[in-house]
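Engineer: structural data only, the sequence is not supplied:
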């Protein structure tokens, strides 16, 4: 046996980058939103987490999701983006993000099968 242990490509971690006006998801996180027409945004202030839940066009057509809770998501080949400055102001106040000092903040995210949502962990900032 040789002295090297050959490793396989690891899937990239799901990352969310918070800007003053939007949340940008990396390619790994975007994979969960391929069929999303809009998303729901949730904020857990106690556990400091954001939930981003994909909603299909069919689900929207059923009419049970209020218009004011639907957020547009722009999906590109290598990332996706959800714009909502008001929501991000709330998030930045919760965890003291200062966009005048730093343009963006990256956080680890993971898919939660029970919630059927991407959970952004605001206590796990990537440096």
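Structural biologist: In hand now; what should we look at? These numbers come from a predicted model, not from an experiment.
Engineer: can you give me the strands in the protein?
Structural biologist: 14-18, 22-26, 38-44, 49-55, 71-75, 79-83, 105-112, 117-126 (DSSP state E).
Engineer: turn the ones you listed into CSV, columns for distance to residue 4 and mean neighbour count.
Structural biologist: Every C-beta, even on glycine, is put in place using the N, C-alpha and C of the backbone. Listed next are these as CSV, based on distance: least, CB to CB, whole Å; neighbours: other CB atoms under 10 Å:
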stretch, distance to residue 4, mean neighbour count
strand 14-18, 29, 21
strand 22-26, 29, 21
strand 38-44, 43, 17
strand 49-55, 40, 21
strand 71-75, 39, 15
strand 79-83, 34, 19
strand 105-112, 29, 17
strand 117-126, 29, 18
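Engineer: as TSV, the ones you listed with distance to residue 96 and mean pLDDT would be great.
Structural biologist: Below are the strands of the chain laid out as TSV (distance: least, CB to CB, whole Å; pLDDT from 0 to 100):
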stretch	distance to residue 96	mean pLDDT
strand 14-18	12	97
strand 22-26	17	98
strand 38-44	15	97
strand 49-55	15	98
strand 71-75	23	97
strand 79-83	21	97
strand 105-112	11	97
strand 117-126	10	96
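Engineer: turn the ones you listed into a markdown table, including distance to residue 64.
Structural biologist: Below are those laid out as a markdown table (distance: least, CB to CB, whole Å):
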| stretch | distance to residue 64 |
| --- | --- |
| strand 14-18 | 27 |
| strand 22-26 | 24 |
| strand 38-44 | 12 |
| strand 49-55 | 10 |
| strand 71-75 | 16 |
| strand 79-83 | 21 |
| strand 105-112 | 21 |
| strand 117-126 | 17 |
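Engineer: and residue 95, which of the ones you listed is closest to it?
Structural biologist: Nearest to residue 95 among the strands of the chain is strand 117-126 (5.1 Å), distances taken as CB to CB.
Engineer: thank you, goodbye.
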